[in-house]
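Visitor: no sequence for this one, just the structure:
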């Protein structure tokens with residue numbers, strides 16, 4: 001990447017600010033440009049309003065959708081017990097976004113902690129990202145109602161997610177971690 005301005009970096013001909021993104025009182029769409037720090041960076045998103053704002057993964061996932069079940073606009077979250085149960089898989093296929101809430105945000109606020117959380121006996125042991133999948137995990141902790149973390153996963157040919165295959169691409173400060181289907185977009189703006 002070539003630096004064009006102290007606050008901007010070029011990615012494939014697109015100039016993208018690497019400053020914290022602040023959403024405003026109106027409806028805002030935060031567009032993620034990739035599932036890795038090389039293609040997206042690690043964004044800090046403040047002022048995200050669940051009633052108005054959208055996270056767009058159209059540039060990241062081909063024909064993306066939520067991996068969670070839904071009822072209307074409500075996203076079904078697995079219980080903390082179900083997330084940690086090794087024998088019952090929560091499958092996350094390629095081009096999927098999985099939304100999860102663990103008990104304690106301190107266990108998922110870095111990529112290394114999430115990789116540990118996905119291993120046997122981890123707090124997200126049941127979550128299985130498919131081998132070869134590109135997916136997104138949006139994770140929060142029940143003990144923090146204002147922070148959520150967006151992780152990009154580019155898994156290799158083995159199902160185990162290892163170092164370098166999962167990276168933090170967004171930290172969200174929000175008015176609520178109860179996201180709905182209306183907070184996610186999988187289409188390109190203008191289409």
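Guide: Noted; the coordinates are in hand. Source: prediction; values computed, not measured.
Visitor: And the contacts of the helix ranked longest in the chain?
Guide: The longest helix of the chain (DSSP state H) is helix 111-117. By C-beta atoms under 8 Å, 6 or more residues apart in numbering, the residues outside helix 111-117 that reach it are 102, 106-108, 122-125, 137, 139, 149, 151, 161-163, 166-168. Backbone N, C-alpha and C define where each C-beta goes, glycine included.
Visitor: Show the pLDDT at the spatially most central residue of the chain.
Guide: In the chain, the residue lying closest to the centroid (C-alpha atoms, centre = their mean) is residue 150, at 2.9 Å. pLDDT, residue 150: 98.
Visitor: Below-threshold pLDDT in this structure: ranges please.
Guide: 1-25, 188-191 (pLDDT under 70).
Visitor: now the helices for it?
Guide: Secondary structure of the chain (DSSP H): helices located at 80-83, 111-117.
Visitor: just the ones you listed: most buried one?
Guide: helix 111-117 (a mean of 19; mean count of other C-beta atoms under 10 Å).
Visitor: Buried ones among the contacts of helix 111-117?
Guide: Among the contacts of helix 111-117, those classed as buried by 16 or more other C-beta atoms under 10 Å are 102, 107-108, 122-125, 137, 139, 149, 151, 161, 166-168.
Visitor: How far does stretch 127-143 stretch from one end to the other?
Guide: Using C-alpha to C-alpha, to the nearest Å, the span of stretch 127-143 from its first residue to its last is 20 Å.
Visitor: chain center to that stretch: distance?
Guide: 7 Å (C-alpha atoms, centre = their mean, to the nearest Å).
Visitor: quick revisit: residue 31 is nearest to which of the helices of the chain?
Guide: Closest approach to residue 31 among these (C-beta to C-beta): helix 111-117, 21.3 Å.
Visitor: For residue 180, see how far away residue 71 is.
Guide: 11 Å (C-beta to C-beta, to the nearest Å).
Visitor: Mind checking which of those two has more residues around it?
Guide: residue 180 (15 against 8; other C-beta atoms under 10 Å).
Visitor: List the residues that contact that one.
Guide: 50, 73, 74, 75.
Visitor: what separates it from residue 160, distance-wise?
Guide: 31 Å.
Visitor: pretty sure residue 76 is touching residue 67, no?
Guide: No. Using C-beta atoms under 8 Å as the test, residue 76 is too far from residue 67 to be in contact (10.4 Å).
Visitor: Of these two, which one has the most company?
Guide: residue 67 (21 against 10).
Visitor: Return the residues in contact with that one.
Guide: Per C-beta under 8 Å, 6+ apart, neighbours of residue 67: 90, 91, 92, 93, 96, 97, 98, 135.
Visitor: how about 7 Å then?
Guide: Contact analysis of residue 67 by C-beta atoms under 7 Å, 6 or more residues apart in numbering lists 92, 93, 96, 97, 98.
Visitor: Can I get the buried part of those residues as one PyMOL selection?
Guide: Buried subset of the contacts of residue 67, written as a PyMOL selection, criterion 16+ other C-beta under 10 Å:
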select buried, resi 92+96+97+98
